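**Student:** Sharing a sequence plus its predicted fold:
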Amino acid sequence: MTALLFGLLLLPACATVTGLVIWAINRGHALGDGELLRQFMIVWVICAAFFWWGMGTNAVRLRIDPQFRLQTELDAHPLYATFKRLAHDDDSKQLHGFLVLQMSRGATLADAFLQARPLLTRLTNERIGFTDQKARLAWGRVAVDTLRELKARDPLLCYRSLSAQALDQQTLALAFSADNTRAFQQAVIQVYEAAATDINKPRPGDEQRVEFNAAALEYSVIRDRIAQKFGESVSNQLAKRNFPEPPIQPPEQMCAARIYQLEAMLERPQAMASRLLDSVLR
């Protein structure tokens, strides 16, 4: 609307400016109508060209074109830029559509990304099977830190995060520290950058393969420890990824068990930790 109004005002504004210029340069001189018309047209064309050029500059468009301003803000954000460059079209479109919707409702870019956190978590979990081990471990550490922050705020919020339930806007705006938000976004970027690596390109030299049977044995060890510490029912529920609403077990206990599980996996060597995290986060 602002751009349209600016365009409608272009002609009368240029005419006004042209009239003032003609008056200023011809004060005290008597000119015929033909000469006045010629000078008016020359000055008006120059003025219109100048204004039209100005409307096309980024500085002006940022002020008069809300869509351009919104897209410029998005393009400057590292996480959005990563999605635009590396993510699948569906992922990129989902994120873009969600952010635009939030910002059209008055949210700042930072708030819009906070609201997009559940979406980003789901999309990144779907990508960790295609990433390298270091990126997967970084994502696992962020998952642990996130659960800790939610548990400290309200164990029920932590449980709702485990069950992938939607959190309201106010909760999302207050639930996470600035450090956690920054680490979360960096981990998302790391996963997508690693997942975009050509599958034919050799992985880093410090990556080792872990056989399925070895990973299954290590998973059983961790599961048994969870059962000893939190109870067999909690261990079974966690293994089945069954998080009903309302909770069967105390939310604080389920959340603590999940944190314990992820921390135990992260304590393993890189290759094993990566394989185990992939099995429980994806």
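**Tutor:** Great, that's in hand.
**Student:** Give me the three-state assignment for Gln208.
**Tutor:** At Gln208, secondary structure determined by DSSP: H, G, I helix; E, B strand; the rest coil is coil.
**Student:** Mind telling me what element the residue nearest to it when sequence neighbours are not counted is part of?
**Tutor:** Leaving aside its chain neighbours, Gln208 sits nearest to Ala271 (4.2 Å; criterion: C-beta to C-beta, 6 or more residues apart in numbering). All C-beta atoms are positioned from the backbone trio N, CA, C, and that covers glycine. Secondary structure assignment for Ala271, by DSSP states H and E: helix 270-281.
**Student:** same for that helix, what does it pack against?
**Tutor:** For helix 270-281, the elements it packs on are helix 133-153, helix 212-230, helix 251-266, judged by 3 or more C-beta pairs under 8 Å, 6 or more residues apart in numbering; DSSP states H and E.
**Student:** hang on, the earlier thing: can I assume the residue nearest to Gln208 is in contact with Glu207?
**Tutor:** Yes: the pair Ala271 / Glu207 is scored as a contact, 6.6 Å apart, by C-beta atoms under 8 Å.
**Student:** any shared contact partners between these two?
**Tutor:** Residues touching both Ala271 and Glu207 by C-beta atoms under 8 Å, 6 or more residues apart in numbering: Gln133.
**Student:** For the host helix or strand of Arg182, what is the distance to the chain centroid?
**Tutor:** Assigned by DSSP H and E, Arg182 belongs to helix 178-195. Helix 178-195 sits 9 Å away from the centroid of its parent chain (C-alpha atoms, centre = their mean, to the nearest Å).
**Student:** from now on call the first residue 17
**Tutor:** Sure, I'll start numbering at 17, so the last one becomes helix 194-211.
**Student:** Give me the buried positions along that helix.
**Tutor:** 196-197, 199-201, 203-208, 210-211 (16 or more other C-beta atoms under 10 Å).
**Student:** Lowest-confidence entry in those?
**Tutor:** Least confident of the buried residues of helix 194-211 in the model: Ala211, at 89.
**Student:** which residues touch it?
**Tutor:** Ala211 touches 102, 143-144, 146-147, 151, counting by C-beta under 8 Å, 6+ apart.
**Student:** what two of those are the furthest from one another?
**Tutor:** Leu102 and Ile144 (14.3 Å; C-beta to C-beta).
**Student:** who touches Leu297 in this structure?
**Tutor:** Contacts of Leu297 by C-beta under 8 Å, 6+ apart are 141, 144, 155-156, 159.
**Student:** What of Phe146?
**Tutor:** Ala211.
**Student:** try it again with 10 Å
**Tutor:** 152, 207-208, 210-213, 215, 298 (C-beta atoms under 10 Å, 6 or more residues apart in numbering).
**Student:** got those as a markdown table, with distance to Leu135 columns?
**Tutor:** Rendered in a markdown table, the data for the contacts of Phe146 read as follows (distance: C-beta to C-beta, whole Å):
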| residue | distance to Leu135 |
| --- | --- |
| Arg152 | 20 |
| Val207 | 14 |
| Tyr208 | 14 |
| Ala210 | 20 |
| Ala211 | 17 |
| Ala212 | 19 |
| Thr213 | 24 |
| Ile215 | 26 |
| Arg298 | 16 |
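**Student:** between these, which is nearest Thr124?
**Tutor:** Looking across the contacts of Phe146 and measuring by C-beta to C-beta, the closest to Thr124 is Tyr208, at 23.3 Å.
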